[in-house]
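**Q** What follows is a predicted protein model with its sequence.
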Amino acid sequence: MRGTFDILVIGLGAAGSSALYHLSKTGKKVGGIDQFMPPHTHGSSHGQSRIIRQAYHEDPRYVPFIKRAYVLWEEIEKNSGKLLFRKTGGLMLGNPNAGVIKGAELSAQMHDIPYAYLSNQEIRTRFPAFKPGNDIVGVLEKNAGILFPEDCIKAYLEVAAANRANILKNEKVLSLNTHTDVVEVTTNQGHYLANKVIVATGAWISAFIPDLNLLTVERQVLYWFKTNNQSLRVDDLPVYIWEYAPGKMFYGFPDLGDGIKVAHHHAGEITSPETLNRHVSPEEIQSMKKVVSDYFNLNVAFNYGTVCMYTNTPDERFIIDYHPQHKNIIIASPCSGHGFKFASVTGKLLSQLALDEKPELDISMFRINRFAK
Ligand SMILES: Cc1cc2nc3c(=O)[nH]c(=O)nc-3n(C[C@H](O)[C@H](O)[C@H](O)COP(=O)(O)OP(=O)(O)OC[C@H]3O[C@@H](n4cnc5c(N)ncnc54)[C@H](O)[C@@H]3O)c2cc1C
């Protein structure tokens, strides 16, 4: 036996590193294991930037979570001394009936989130880099911005380690075996016992929770294009999501140094971590270049691309819950392509479940039994 823990976190990406940080403040004997050296480029949390926003067009029920997430991101910024968030504002673009427009307005109005409705002309005047068709309007949210995902994970792990959490890297968990009140965790290096285990293994989660075969892993490509247009720097361009056809979106970021970053939301093939194609093809680059030339007043040159994975639930809501059969295993699948911004609060909620505390927010929308037949 290589070690015993009160709580062991498996997977130290966005959710797991945050959970480990919150647990490390409790005085419990806690540890975290990752198969790679987090932060790394093999899962769902790489690529320099993630959008954070409050006027949640997807569903106003997320807003209390995101408001709490902002507070907890500030906490880890302060505790780590790292810059993790940059406010840029966030612009939702679409026709007046688009889900991103209607939904963002609804969440903003229900939860008193400051925003401005921009007419077509106002978009053109304020953000001349965009080339909106005549039917396009905008919802501009002041408090949206960018999280730096690799730095966030680094911050969580550094502070957790300083709080005496045991962090095991380059160690792959092979199986979990539940006994009456402990879980035996077998890795490629040996065995551990833990009273509670949090499984936050992202795209690899079905390996541990086979019942979760309702999840799908989707390939996602991120593209960076160089431009010499100064108005695309972080102080001048907000993060944005553009719904160009019903339910179809691309999104992007201002230039942080490598060029503007652009990606489609949910346009990738279904895959698995083992079979993921990590090559960005010339056809894919050409196709995204056309999107940029159709929707921006810009000349751009492709800089580079990278491939990442979404782990999707059927309703795109997260799973944050106890395992249906084993109360000492807690499951986290907080992705569906929009989970990073919540990682600060997701980790807190996971830690509360592991400590048998009442979660500070109502997580019923993330319970696994919603999929029960
Ligand atoms: C291209 C892209 C863009 C996105 N954009 C946004 C955005 O703008 N805003 C937003 O809020 N969200 C966004 N998301 C979603 C967000 O990034 C994810 O929800 C989040 O990163 C998922 O974190 P995770 O902890 O679940 O998974 P990961 O960060 O992938 O962590 C899982 C960890 O588990 C480890 N692991 C797996 N199996 C094992 C094992 N057997 N043993 C040990 N360790 C193991 C892995 O190595 C990995 O480190 C985006 C996602 C992608 C892919």
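**A** Noted; the coordinates are in hand.

**Q** Start and end of stretch 244-252, how far apart?
**A** 13 Å (Cα to Cα, to the nearest Å).

**Q** how about it: buried residues?
**A** 244, 249-252 (16 or more other Cβ atoms under 10 Å). (Each C-beta comes from the backbone N, C-alpha and C, glycine too.)

**Q** Tell me if T4 really is in a strand.
**A** Yes - when DSSP: H, G, I helix; E, B strand; the rest coil is applied, T4 is found to be in a strand.

**Q** Look at it and report its pLDDT.
**A** T4 carries a pLDDT value of 97.

**Q** cool, K78 as well?
**A** 98.

**Q** Next: K373.
**A** 66.

**Q** Same list (the buried residues of stretch 244-252) but as JSON lines, adding distance to Y156.
**A** Output for these, formatted as JSON lines (distance: Cβ to Cβ, whole Å):
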{"residue": "Y244", "distance to Y156": "35"}
{"residue": "M249", "distance to Y156": "29"}
{"residue": "F250", "distance to Y156": "29"}
{"residue": "Y251", "distance to Y156": "25"}
{"residue": "G252", "distance to Y156": "26"}
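
**Q** which stretches of the chain aren't confidently modelled?
**A** Counting by pLDDT under 70, the chain shows low-confidence ranges at 373.

**Q** Would you mind measuring from H42 to the ligand?
**A** Computed as Cβ to the nearest ligand atom, to the nearest Å, the H42 to the ligand distance reads 6 Å.

**Q** burial of V221, as a residue count?
**A** 23 (other Cβ atoms under 10 Å).

**Q** Each with direction, which strands does the helix or strand that it is a member of pair with?
**A** V221 belongs to strand 216-226 when elements are defined using DSSP states H and E. Strand 216-226 pairs in its sheet with strand 260-265 (antiparallel), strand 270-271 (antiparallel), strand 301-312 (antiparallel), by DSSP bridges.

**Q** The second one: how far from the chain's middle?
**A** For strand 270-271, the gap between its own C-alpha mean and the chain's C-alpha mean amounts to 18 Å (Cα atoms, centre = their mean, to the nearest Å).

**Q** residues contacting D181?
**A** 195, 328 (Cβ atoms under 8 Å, 6 or more residues apart in numbering).

**Q** do that again at 6 Å, thanks
**A** Counting by Cβ atoms under 6 Å, 6 or more residues apart in numbering, D181 makes contact with nothing.

**Q** one step back: tell me which of the strands paired with strand 216-226 sits most buried.
**A** strand 260-265 (a mean of 22; mean count of other Cβ atoms under 10 Å).

**Q** How about residues contacting that one?
**A** With Cβ under 6 Å, 6+ apart, strand 260-265 has contacts from 222-225, 232, 249-253.

**Q** can you do 8 Å?
**A** Outside strand 260-265, the residues that reach it (Cβ under 8 Å, 6+ apart) are 47-49, 220-225, 227, 232, 237, 241, 249-254, 288, 291-292, 298, 300, 337.

**Q** Now intersect these with the helices, please.
**A** 288, 291-292 (DSSP state H).

**Q** Show me the one in those that has more neighbours than the rest.
**A** M288 (22 neighbours).

**Q** Quick check, that one in contact with Y223.
**A** Yes - counting by Cβ atoms under 8 Å, M288 does reach Y223; the two are 4.7 Å apart.

**Q** if we can go back for a sec, list the buried residues of the strand holding V221.
**A** 216-225.

**Q** Dump these to CSV, plus distance to the ligand.
**A** As requested, those are exported to CSV (distance: Cβ to the nearest ligand atom, whole Å):
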residue, distance to the ligand
T216, 13
V217, 10
E218, 8
R219, 9
Q220, 4
V221, 8
L222, 5
Y223, 10
W224, 12
F225, 16
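
**Q** Could you export the residues you listed as JSON lines, including distance to I209?
**A** As requested, the buried residues of strand 216-226 are arranged in JSON lines below (distance: Cβ to Cβ, whole Å):
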{"residue": "T216", "distance to I209": "14"}
{"residue": "V217", "distance to I209": "14"}
{"residue": "E218", "distance to I209": "18"}
{"residue": "R219", "distance to I209": "22"}
{"residue": "Q220", "distance to I209": "22"}
{"residue": "V221", "distance to I209": "27"}
{"residue": "L222", "distance to I209": "28"}
{"residue": "Y223", "distance to I209": "33"}
{"residue": "W224", "distance to I209": "35"}
{"residue": "F225", "distance to I209": "39"}
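
**Q** Good, we can wrap up now.
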